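> got a sequence here, can you model it:
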Amino acid sequence: DHEVVALDPQTCAKKWGATLDNAILGAPAVSANGTLYVGTLSGNLYALGAADGKEQWKTELQGSVWATPALGSETLYIGTAFGNTGKLYALNVADGKIVWSRDEASAIIASPLALPDQIVYATETGRVQSLNPDNTPKWQADIEKAKIYTAPFLAGEVILVAPMQSESLLVAYNMSGAQQWAFVPGK
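Okay, the predicted model is just below:
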C-alpha cells in the first residue's frame with residue numbers, strides 16, 4: 001500500500017503513517033538522530049522524521065530501489081536497478097543531494113555495506129565492488145556465473161557474500177579484497 005507505518009511497541013497502536021509514491025521493498029535505514037531513509041520502486045529516496053513521519057527531503061534516482069540504504073557518517077549509499085544495469089549513489093544525509101554516482105553494467109538489488117574506509121556492494125551478475133568514500137575503486141571480485149541478491153556482511157575482519165547459482169554458497173574476502181575462503185557444499 002506504499003505506506004511506512006510507525007507502531008507503538010507497547011500497544012501496537014499506529015502512531016503515524018507516511019504514504020510514499022510506490023512499493024517499498026527494503027526496510028528503512030534509521031539514523032542515530034531519528035531519521036528514516038527509505039526507497040521506492042519508482043526510484044525515489046525519502047528521509048522521514050521517525051517521530052512523526054514527516055518528509056524531510058526526497059531525491060529522485062535513476063532506476064528502482066530494492067534494498068535498504070546503508071548509512072555512513074554523513075553519507076547515505078543505495079543502489080538501483082534499471083533494465084539490466086544499475087547505479088550506486090552516495091547522498092548527503094542532511095539534504096539528500098547526490099554527492100556522486102557510479103554506473104554499473106548490472107543491477108544493484110542488495111543493500112551496500114558502508115565501512116569507515118570503503119563501501120562494498122554486489123551486482124546482480126556476481127561482481128563484488130569496493131569503493132573508497134570518494135568513489136575511487138578500492139578492489140573488485142567477480143564470482144563466476146553467480147547472481148547476488150543479498151547484502152555483503154561484515155563478520156569480524158572478513159566480508160561475506162552469499163551468491164546464488166554458483167559453486168560456492170558463501171565467499172569471504174578480507175578488507176583488501178583478497179578471497180580468504182569459499183564454502184562449497186560437499187567439499
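
> and residue 113, how many neighbours?
Neighbourhood size, residue 113 [other C-beta atoms under 10 Å]: 21. (Each C-beta comes from the backbone N, C-alpha and C, glycine too.)

> and the pLDDT at it?
As predicted, residue 113 sits at a pLDDT of 98.

> just checking, it touches residue 129?
No - taking C-beta atoms under 8 Å as the definition, residue 113 is not a contact partner of residue 129, at 10.8 Å.

> any residues in contact with both of those two?
Residues touching both residue 113 and residue 129 (C-beta atoms under 8 Å, 6 or more residues apart in numbering): 120-121.

> beta partners for residue 55?
Note on residue 55: beta-bridge partners residue 48, judged by DSSP bridges.

> quick one: contacts for the spatially most central residue of the chain?
Per C-alpha atoms, centre = their mean, the C-alpha nearest to the average position across the chain is that of residue 111, at 2.3 Å. Neighbouring residues of residue 111 by C-beta under 8 Å, 6+ apart: 26, 67-70, 78-79, 121, 151.

> what is the burial count for residue 153?
If you count neighbours by other C-beta under 10 Å, residue 153 ends up with 15.

> can you tell me the element the spatially closest residue to residue 89 that is not a sequence neighbour falls in?
Nearest non-adjacent residue to residue 89, counting by C-beta to C-beta, 6 or more residues apart in numbering: residue 101, 4.9 Å away. With secondary structure defined by DSSP states H and E, residue 101 is part of strand 98-104.

> name the next helix or strand downstream of that strand, please.
Under the assignment DSSP H and E, the closest C-terminal helix or strand after strand 98-104 is strand 113-115.

> need the contact list for residue 124.
81, 86, 106-109, 147-149.

> could you redo the last one with a cut-off of 6 Å?
106-107, 109, 147 (C-beta atoms under 6 Å, 6 or more residues apart in numbering).
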